[in-house]
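Engineer: what follows is a predicted protein model with its sequence.
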Amino acid sequence: MGLTALPVGVVLHDVQAGWLAWTWLGLSCLAWPHLAYAWARRSQDPYGAEARNFLIDSAIAGSFLPLMHFNLLPSAVLLTVATADKVNSGVPGLWLRALPGMVLAVLAVGLLTGFEVDLASRTGVILACLPIMTIHTLAVSANLYRLVRRVQDQNRQLALMTRRDSLTGVDSRSHWEDQARKLLDQHQREAAPACLLLLDIDHFKTINDRHGHGVGDDVLRALARRMGETLPASGIHGRLGGDEFVVALPLPVTEALEHAERLRAAVQALEFPEVPELSISISLGLAPPPHGGDLRAWLEVADHALYRAKHGGRNRIERTEPLAATPAT
């Protein structure tokens, strides 16, 4: 509003405006901004109060046009800046709601001043318009830049939330499935090595019942850390749900089996200082992709291997040789 006073003041000087016009200029551009700020700060609804202030700003901008005899450049600048402020506020439809007040102000002041028109803008008027044109544009651009960066940060956080399991930090089930399908497609196209490792914690329900779900969560996080420390970084680590985890490894069966055994031993060696008596173990099912099967068939083959490990004494690994895929029922 202070920058607005410069071009309006130059034009008022050129048209030899009276003291009422100069008084209105001073009140509007120097006093009104502070009054509007105080009004919004003290209001029980600052957001609504500021929206009303924006509407008044537009009416003020409209009132200056007849006072300037509709001098072309400053009139266009004021209307553009006033409208841009409403759009930049982010309030839906605010610029449209501001138009009636702006038009009424033009008509009311025009009736008082006789609608005199002098469109030409001399060099001094053009120079007086430059500060508000430049500074306002940069200020709006800076605000939009901050908003864009904020949205980008929020999008990255949202993408991370959808990709990661919030408790353990491994891939969420949906993201893991997408990545595992890509590995399976590569295996089927190029015969690239691939194995699926399905594992869960032995007697996990007993751990929750005996020590509480907080300790159970600690156990899940500790297992996820061991997976990250022990298994190859090229593996796709995910959580299917509960205490069941899955890893897609771009490795042949023999190498995958070695890594699985290291993970089993590392998990068995875990210690929990807050619960010294607690020790855990995992059972694992290892499976190469079934011939011609999809991801669901691959998971079922690995699940059969895990089932054998659980019923074969737990704390062990069972592997399945490649089998022809069977239609899902």
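Structural biologist: Thanks, I have the structure now.

Engineer: show me the contacts for the closest residue to G101 other than its chain neighbours.
Structural biologist: Distances taken as CB to CB, 6 or more residues apart in numbering put A59 closest to G101, at 4.1 Å, once the chain neighbours are dropped. To be clear about C-beta, it is placed using only N, CA and C from the backbone, and glycine gets the same treatment. Taking CB atoms under 8 Å, 6 or more residues apart in numbering as the criterion, A59 is in contact with A98, G101, M102, L104, A105.

Engineer: which one of these sits closest to K205?
Structural biologist: A98 (62.7 Å; CB to CB).

Engineer: list the helices and strands the helix or strand hosting that closest one packs on?
Structural biologist: Assigning secondary structure by DSSP states H and E places A98 in helix 94-113. The elements that helix 94-113 packs onto, with contact taken as 3 or more CB pairs under 8 Å, 6 or more residues apart in numbering; DSSP states H and E, are helix 46-67, helix 72-89.

Engineer: just the buried ones from the contacts of A59, in PyMOL syntax?
Structural biologist: Of the contacts of A59, the buried ones can be selected in PyMOL as follows, counting by 16 or more other CB atoms under 10 Å:
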select buried, resi 98+101+102+105
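
Engineer: backbone dihedrals for the nearest residue to L72 once chain neighbours are set aside, please?
Structural biologist: Once flanking residues are discounted, L72 sits nearest to L119: 4.4 Å by CB to CB, 6+ apart. In terms of degrees, to the nearest 10, the main-chain angles of L119 are phi -70, psi -30.

Engineer: surely L119 touches N71?
Structural biologist: Yes. Using CB atoms under 8 Å, L119 is in contact with N71, at 6.6 Å.

Engineer: possible to save the contacts of A59 as JSON lines with distance to S89 and pLDDT?
Structural biologist: What follows is the contacts of A59, written out as JSON lines (distance: CB to CB, whole Å; pLDDT from 0 to 100):
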{"residue": "A98", "distance to S89": "10", "pLDDT": "92"}
{"residue": "G101", "distance to S89": "15", "pLDDT": "93"}
{"residue": "M102", "distance to S89": "15", "pLDDT": "94"}
{"residue": "L104", "distance to S89": "21", "pLDDT": "96"}
{"residue": "A105", "distance to S89": "19", "pLDDT": "95"}
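
Engineer: for L107, see how far away the residue nearest to G101 is.
Structural biologist: Noted for A59: a distance of 11 Å to L107, by CB to CB, to the nearest Å.

Engineer: mind listing the helices for this structure?
Structural biologist: Remark: helices assigned in the chain by DSSP state H are 2-14, 19-26, 32-42, 46-67, 72-89, 94-113, 123-163, 173-190, 204-211, 213-230, 253-268, 295-311.

Engineer: quick one: closest of those to L284.
Structural biologist: Proximity to L284 (CB to CB) singles out helix 253-268 among the helices of the chain, at 5.2 Å.

Engineer: please point out which parts of the closest one sit buried.
Structural biologist: Neighbour-count burial for helix 253-268 flags V253, A256, L257, H259, A260, L263, R264, A266, V267 (criterion: 16+ other CB under 10 Å).

Engineer: which one is I135 nearest to, not counting chain neighbours?
Structural biologist: L3 (6.1 Å).

Engineer: what is the neighbour count of that neighbour?
Structural biologist: Per other CB atoms under 10 Å, the neighbour tally for L3 reads 20.

Engineer: quick one: contacts for it?
Structural biologist: L3 neighbours (CB under 8 Å, 6+ apart): P131, I132, I135, H136.

Engineer: list the helices and strands the lowest-mean-pLDDT helix or strand in the chain packs on?
Structural biologist: Comparing helices and strands within the chain by mean pLDDT, DSSP states H and E singles out helix 123-163 as the least confident, with a mean of 86. Counting contacts by 3+ CB pairs under 8 Å, 6+ apart, helix 123-163 packs against helix 2-14, helix 72-89, helix 173-190.

Engineer: V148: which of the ones you listed is closest?
Structural biologist: Going by CB to CB, the one of the helices and strands packed on helix 123-163 nearest V148 is helix 72-89, 12.7 Å.

Engineer: CA atoms only: put the closest one into PDB for me.
Structural biologist: The C-alpha trace of helix 72-89 is given here as PDB (Å, rounded to 0.1, in the frame of the first residue of the first chain):
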ATOM      1  CA  LEU A  72      -3.600   4.200 -18.100                       C
ATOM      2  CA  LEU A  73      -0.400   2.700 -16.700                       C
ATOM      3  CA  PRO A  74      -1.000   3.300 -12.900                       C
ATOM      4  CA  SER A  75      -4.700   2.200 -13.300                       C
ATOM      5  CA  ALA A  76      -3.600  -1.000 -14.900                       C
ATOM      6  CA  VAL A  77      -0.900  -1.600 -12.300                       C
ATOM      7  CA  LEU A  78      -3.300  -1.100  -9.400                       C
ATOM      8  CA  LEU A  79      -6.000  -3.400 -10.800                       C
ATOM      9  CA  THR A  80      -3.400  -6.100 -11.600                       C
ATOM     10  CA  VAL A  81      -1.700  -5.900  -8.200                       C
ATOM     11  CA  ALA A  82      -5.000  -5.900  -6.300                       C
ATOM     12  CA  THR A  83      -6.200  -8.900  -8.200                       C
ATOM     13  CA  ALA A  84      -2.900 -10.700  -7.900                       C
ATOM     14  CA  ASP A  85      -3.000 -10.300  -4.200                       C
ATOM     15  CA  LYS A  86      -6.300 -12.100  -4.000                       C
ATOM     16  CA  VAL A  87      -5.100 -14.900  -6.200                       C
ATOM     17  CA  ASN A  88      -1.900 -15.200  -4.200                       C
ATOM     18  CA  SER A  89      -3.800 -15.400  -0.900                       C
END
